[in-house]
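Participant: Turn this into a model:
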Amino acid sequence: HEQVIDKFHAHPHAKVAVLNDNDDVVGIIYSDDVLQLVENQSGASLYDFAGVSDEESVTDSAEKKVKYRYQWLIINLATAFLASFVVSQFEGTISKYVLLAVYMPIVAGMGGNAATQTLAVLVRGIALKQIDLKTAWRTLKNEVGAGLINGFINGLLVSVIVIVKDHDIKIALILAVAMVANLVVAATFGTLVPLVMSKLKKDPASSATIFITTATDVLGFLVFLGLATAILK
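Facilitator: Here you go, the predicted model:
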């Protein structure tokens with residue numbers, strides 16, 4: 001199926017002839033058939049991103065849904081504990097400056113969203129054989145550049161909101177810097193992790209998500225709370 005889809009991507013035609021070893025025509029594949037394959041492949045990729053089995057259906061019972069999903073959720077739970085461990089190391093800072101806890105989800109959430117955007121582009125590029133680990137430098141540079149610029153834009157917006165709402169310039173500055181740093185982290189891991197997973201013969205859509213989310217959560221909290229500890233003494 002993948003070979004047929006690649007052939008139609010490389011040479012867009014209404015139909016493709018199938019030959020045997022003697023170059024005799026043994027069949028014809030039409031573009032309509034390939035469209036169905038592409039739709040099925042897109043659906044499978046969507047399931048992979050959500051950590052859901054391709055076999056799951058909307059009509060499945062609760063027991064079947066649990067069977068398909070529980071392993072993925074347990075792995076995510078383990079990474080959530082890792083992020084919470086990082087946060088616990090700054091318990092004194094958070095208890096002293098409660099406002100930090102209000103803005104922590106913004107740092108993690110924006111990093112996760114940015115990483116998902118990068119991951120979606122990379123998974124498509126890998127599927128179309130437009131990129132691999134050896135040719136990743138240009139894409140990595142562009143993604144990190146985009147992350148840096150988006151970080152500055154969103155960091156500026158969120159810092160203005162903090163200053164207007166809470167009148168705290170220091171926390172506004174900390175949040176802005178953490179936003180820039182975490183969007184760069186999201187771009188870096190969102191680019192490299194799926195390429196590494198693909199190199200290891202793992203599905204980059206399903207296997208990369210958990211590592212990228214862990215990176216943006218852990219490093220995002222580390223930068224945000226680390227800066228707060230250093231600046232708000």
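
Participant: Quickly find the element holding residue 16.
Facilitator: Element membership of residue 16 [criterion: DSSP states H and E] is strand 15-19.

Participant: for that strand, which positions count as buried?
Facilitator: Across strand 15-19, burial judged by 16 or more other C-beta atoms under 10 Å covers residue 16. The C-beta positions use only the backbone N, C-alpha and C, and glycine is treated the same way.

Participant: Now do the following helix or strand past it against strand 15-19, angle only.
Facilitator: Later in the chain than strand 15-19, the nearest helix or strand by DSSP H and E is strand 25-30. Relative orientation of strand 25-30 versus strand 15-19 (axes from the mean of the first three to the mean of the last three C-alpha atoms, to 10 degrees): 160 degrees.

Participant: which residues touch strand 25-30?
Facilitator: 4, 14-20 (C-beta atoms under 8 Å, 6 or more residues apart in numbering).

Participant: just to revisit the earlier point, what about the strand holding residue 16, average pLDDT?
Facilitator: Averaged over strand 15-19, pLDDT sits at 82.

Participant: and if you look at stretch 126-135?
Facilitator: Mean predicted confidence for stretch 126-135 is 85.

Participant: With stretch 179-193 instead?
Facilitator: Here the average pLDDT along stretch 179-193 is 95.

Participant: Enumerate the positions of that stretch that are buried.
Facilitator: 179-193.

Participant: Select from these every entry located in strands.
Facilitator: Among the buried residues of stretch 179-193, no member falls in strands (DSSP state E).

Participant: Next SSE downstream of the lowest-mean-pLDDT helix or strand in the chain?
Facilitator: Least confident helix or strand, the chain: helix 31-50 with a mean of 57, by mean pLDDT, DSSP states H and E. Later in the chain than helix 31-50, the nearest helix or strand by DSSP H and E is helix 62-88.

Participant: So what's the gap between that following helix and the chain middle?
Facilitator: 17 Å (C-alpha atoms, centre = their mean, to the nearest Å).

Participant: List just the nearest of the contacts of strand 25-30 to residue 103.
Facilitator: residue 4 (49.7 Å; C-beta to C-beta).

Participant: Could you report the neighbour count for that closest one?
Facilitator: Residues lying near residue 4 (other C-beta atoms under 10 Å) number 14.
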